[in-house]
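Participant: Return a 3D structure for these sequence lines:
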Amino acid sequence: MKPFADHFSSIAARYAAYRPRYPQALADALAERSPARDAAWDAGCGNGQLSVLLAAHFAHVYAHEPSQAQLDAATPHPRVEYKCAPAETSGLPDASVDLAVAAQAAHWFDWSRYVAEVGRVTRPGGLVALVSYGIMLLDGEAGELVARYYRDDVGAYWPPGREHVEDGYRNLAWPWPAVEAPAIDMRAEWTRDELMGYVATWSATVKRAELVGTGAYDALGEKLAAMWPDGERRTIRWPLAVRLARR
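Facilitator: Sure thing, here's the model as predicted:
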């Protein structure tokens, strides 16, 4: 079994504070394409950002995450049942969910075992969904600086599996027919400090800091400070890669 790659427990509070928020439109689109709305399973749910949005549509949301620290930072909701569990062994009954979704998490899974688990717990005709996003899009020189940091400074420090995120999970094979997916953007209006807080949650930023220190991260902050006034908010966009299939 592939070991649980725990890159975020040590920064769970920062992760909850600074990660961008999925738009309600994503949960709406998944619900619209689900054959029923009795139960959804959000595997690798992190702190439950998508789980809570899904609860607007589904009677019950199983939100599973192998990091207890992430769950400790999750938002409670009466229709969301959080559980510390790996995606590959959910413990859910056979054919018990109408939607099986993993958002920005599938690259951490033991893929073949996860596919088998999805096939087991998803009802026939149910919706299977993967969601991912890559580097943020930010206009101007600030965006170029962040892109260079992503590529040149921490590029070598991303854990294995990052290539699946860059590819929008298209290279992960599953046996079910495709369903047309919507085009959805995730957006935020952030200050410079909020952007730097987000960059600090990147697993590659954390790994580089552990191995060689925070010099590159600190330098990025100094360069951005020279061109981005304190308190000024700028639009940041992440195109979501949404991949859907019919169980």
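Participant: ok, residue 187 touching residue 23?
Facilitator: Yes. Between residue 187 and residue 23 a contact is recorded at 7.3 Å, counting by CB atoms under 8 Å. In short, each C-beta sits where N, CA and C put it, glycine included.
Participant: Okay, residue 58 and residue 77: tell me how far apart.
Facilitator: Distance from residue 58 to residue 77, counting by CB to CB, to the nearest Å: 11 Å.
Participant: Same question for residue 228.
Facilitator: Distance, residue 228 to residue 77, by CB to CB: 35 Å.
Participant: So those two - more neighbours on which side?
Facilitator: residue 228 (21 against 17; other CB atoms under 10 Å).
Participant: now the more buried one, nearest residue through space, not along the chain?
Facilitator: residue 192 (4.4 Å; CB to CB, 6 or more residues apart in numbering).
Participant: and the longest strand for this structure?
Facilitator: Identified as the longest strand of the chain according to DSSP state E is strand 234-246.
Participant: Quick one: neighbours of residue 237, just the number.
Facilitator: Neighbour number of residue 237 under other CB under 10 Å is 14.
Participant: quick one: buried residues of stretch 72-91?
Facilitator: 73-74, 77, 79-80, 82, 85-88, 90 (16 or more other CB atoms under 10 Å).
Participant: One more: stretch 197-216?
Facilitator: For stretch 197-216, using 16+ other CB under 10 Å, the buried residues are 197-209, 216.
Participant: Looking at the residues you listed, which are in helices?
Facilitator: Using DSSP state H, the members of the buried residues of stretch 197-216 that fall within helices are 197-199, 203-209, 216.
Participant: Out of the residues you listed, which is nearest to residue 50?
Facilitator: Of all those, residue 50 sits closest to residue 198, with 17.2 Å by CB to CB.
Participant: pLDDT value on that closest one, please?
Facilitator: As predicted, residue 198 sits at a pLDDT of 94.
Participant: Tell me if I'm right that it and residue 190 touch.
Facilitator: Yes. Residue 198 lies in contact with residue 190 (CB under 8 Å); the separation is 7.5 Å.
Participant: pretty sure residue 189 is touching residue 232, no?
Facilitator: No. With contact defined as CB under 8 Å, residue 189 does not reach residue 232; the gap is 10.2 Å.
Participant: how about the helices in this structure?
Facilitator: Secondary structure of the chain (DSSP H): helices at 12-18, 24-33, 49-54, 68-72, 111-121, 140-148, 162-166, 192-199, 203-212, 215-225.
Participant: Identify the residue spatially nearest to residue 87, adjacent ones excluded.
Facilitator: residue 43 (3.9 Å).
Participant: so what's in contact with residue 58 and residue 77 at the same time?
Facilitator: Residues within reach of residue 58 and of residue 77 at once, by CB atoms under 8 Å, 6 or more residues apart in numbering: there are none.
Participant: The closest residue to residue 121 other than its chain neighbours: how many residues sit nearby?
Facilitator: Counting by CB to CB, 6+ apart, residue 92 is the residue found nearest to residue 121 once chain neighbours are left out, at 4.5 Å. Here the count is done by other CB under 10 Å, and residue 92 has 20 residues near it.
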